[in-house]
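J.: here you go, sequence then predicted model.
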Amino acid sequence: MSKIFAATEPVSLNRKIIGVLATSLATAFLSFGSLVGFSTTDAFACACGCSVFDVSGLDMMPQEQDHGGKIFFEYWSQDQTQNYVGASKAPAALNLDKELKTQWYNAGFNYNFNRDWGIMVRVPVMANRSLTTETDFLFPGQIQTFNSKTFGDVEVMGVYTGFFSDLSTGLIFGLKLPTGTYNALGLDRDNQVGTGSTDLILGAFHRGLLSPDNHWQYFSQFVWRQPFAYHQAVDPQGFFDGNLGVVQTYHPGMQVDGAIGIVYNNFYNVLGFDKITPLGQVIVSHRDTDSGTGSDPLNSGFDRVMLSPGIEFTKVLDEVNKYVFKFYVDVEVPVYYRATAANNNGTEGQLVAPYLLKVTSSFNF
């Protein structure tokens, strides 16, 4: 089994520059820039930002020995319970929403047509979201829980990895489709499983060596999501104006997620696995404010920084046919959150999860 990330051939200075610029600089500019005034943001009552799972870890980046296809299964989870206003925790009484709990169950596949081009499809076969909130309009002060267990928004993306022969640098591009439910009873538009929008997805990744012996490596990723087509929906509960059944628009804000991490690459033949790969990463996110009659522009958008340890287990099932099983898990802990909020019909702030969990299993063939 070859060591991943190993340099297989000399590369020119120009090609190295392409690799670095494709992700590392873009990640720093687009992600960290938002924390120092790249744009101004507000926060919404129950921020999700689930696309952050797309940039964490090694599981979605092609590696040198990969070929043909890969099927994968993902479990994402977060339980948002802490109200934030600005960069500080805020009293729960300020926010009518008390808890937003979400579990995503995704299935998907990658297929590499050759060493330059590939495709990836992610299908959220089930998303389970529950919102506990104060139903202030119909029953002042009453706490209720609403649940939406439904199909999510499908992603279809192309992958280009033709910069280097070891697949260490790549670009992704594609669409998120409005296949998920966005009119479930009891959830306002920014809490629905589906956004009701078609999103353009653009991103890149890069891996490189930190030590000549290949024991230490680094990686960087970023993903930019820009909604550009939107679906209206009937508001069944009149969240903002008390008018039930009114057709409303919702335009989710643009979001950028970036990650920079370090990998230790020298645990071979441990605990029955051919390889165990621990890593540490910093994940940065920025989301613009939402707009539309069904949105809360005074309370939408965020900036955040998370620290995330992770680990990947690799088992070669058939070396001749290159059947490989991988299992990846990480925990993402927010260390900075900025949620500029304003009182809007009695609610202020956004709910933040103390940690996020990502688990992925995959089979290469």
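T.: In hand now; what should we look at?

J.: next structured bit after the helix or strand that contains residue 131?
T.: Element membership for residue 131 (DSSP states H and E) is strand 117-134. Downstream of strand 117-134, the next assigned helix or strand under DSSP H and E is strand 143-150.

J.: neighbouring strands - and their directions - for the strand holding residue 131?
T.: Note on strand 117-134: by DSSP bridges, its sheet partners are strand 97-112 (antiparallel), strand 143-150 (antiparallel), strand 155-160 (antiparallel).

J.: buried ones in that strand?
T.: Under the neighbour-count criterion of 16 or more other Cβ atoms under 10 Å, strand 117-134 has 118, 120, 122, 123, 124, 127, 129, 130, 131, 132, 133, 134 buried. The C-beta positions use only the backbone N, C-alpha and C, and glycine is treated the same way.

J.: out of these, who's nearest residue 74?
T.: Using Cβ to Cβ, residue 122 comes nearest to residue 74 of the buried residues of strand 117-134, at 7.7 Å.

J.: ok, back up a step: mind putting the buried residues of strand 117-134 into CSV with pLDDT?
T.: Below are the buried residues of strand 117-134 laid out as CSV (pLDDT from 0 to 100):
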residue, pLDDT
118, 93
120, 95
122, 96
123, 97
124, 96
127, 96
129, 96
130, 95
131, 94
132, 93
133, 89
134, 85
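
J.: looking at these, spot the one nearest residue 101.
T.: Proximity of the buried residues of strand 117-134 to residue 101, judged by Cβ to Cβ, is greatest for residue 130, which lies at 5.0 Å.

J.: how about that closest one, what does it touch?
T.: By Cβ atoms under 8 Å, 6 or more residues apart in numbering, the contact list for residue 130 reads 99, 100, 101, 102, 145, 146, 147, 148.

J.: make JSON lines out of those and add pLDDT.
T.: Output for the contacts of residue 130, formatted as JSON lines (pLDDT from 0 to 100):
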{"residue": "99", "pLDDT": "94"}
{"residue": "100", "pLDDT": "95"}
{"residue": "101", "pLDDT": "96"}
{"residue": "102", "pLDDT": "96"}
{"residue": "145", "pLDDT": "91"}
{"residue": "146", "pLDDT": "91"}
{"residue": "147", "pLDDT": "94"}
{"residue": "148", "pLDDT": "94"}
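
J.: nearest to residue 300 among those?
T.: Closest to residue 300, out of all of the contacts of residue 130 and judged by Cβ to Cβ, is residue 100, at 14.1 Å.

J.: run through the bridge partners of that closest one.
T.: Taking DSSP bridges as the rule, residue 100 bridges to residue 80, residue 131.

J.: that one against residue 190, yeah?
T.: No. Residue 100 is beyond contact range of residue 190, at 10.1 Å (criterion: Cβ atoms under 8 Å).

J.: just the terminal-to-terminal distance for stretch 132-149.
T.: Using Cα to Cα, to the nearest Å, the end-to-end distance of stretch 132-149 comes out at 15 Å.

J.: which other residues reach that stretch?
T.: Defining contact as Cβ under 8 Å, 6+ apart, one finds that stretch 132-149 is touched by 96-100, 126-131, 181, 184-187, 192-193, 237-239, 242, 346.

J.: among the residues you listed, name the buried ones.
T.: Looks like the contacts of stretch 132-149 have 96-100, 127, 129-131, 181, 184, 186-187, 192-193, 237, 239 buried, using 16+ other Cβ under 10 Å.

J.: coming back round to it: quick one: which of the contacts of residue 130 has the most company?
T.: Highest neighbour count within the contacts of residue 130: residue 100, with 24 neighbours (other Cβ atoms under 10 Å).

J.: so who does it touch?
T.: Here residue 100 is in contact with 46, 48, 79, 80, 129, 130, 131, 132, 191, 351 (criterion: Cβ under 8 Å, 6+ apart).

J.: returning to what we had before: present the strands paired with strand 117-134 as TSV; the columns should include distance to residue 215.
T.: Formatted as TSV, these follow (distance: least, Cβ to Cβ, whole Å):
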stretch	distance to residue 215
strand 97-112	27
strand 143-150	45
strand 155-160	27
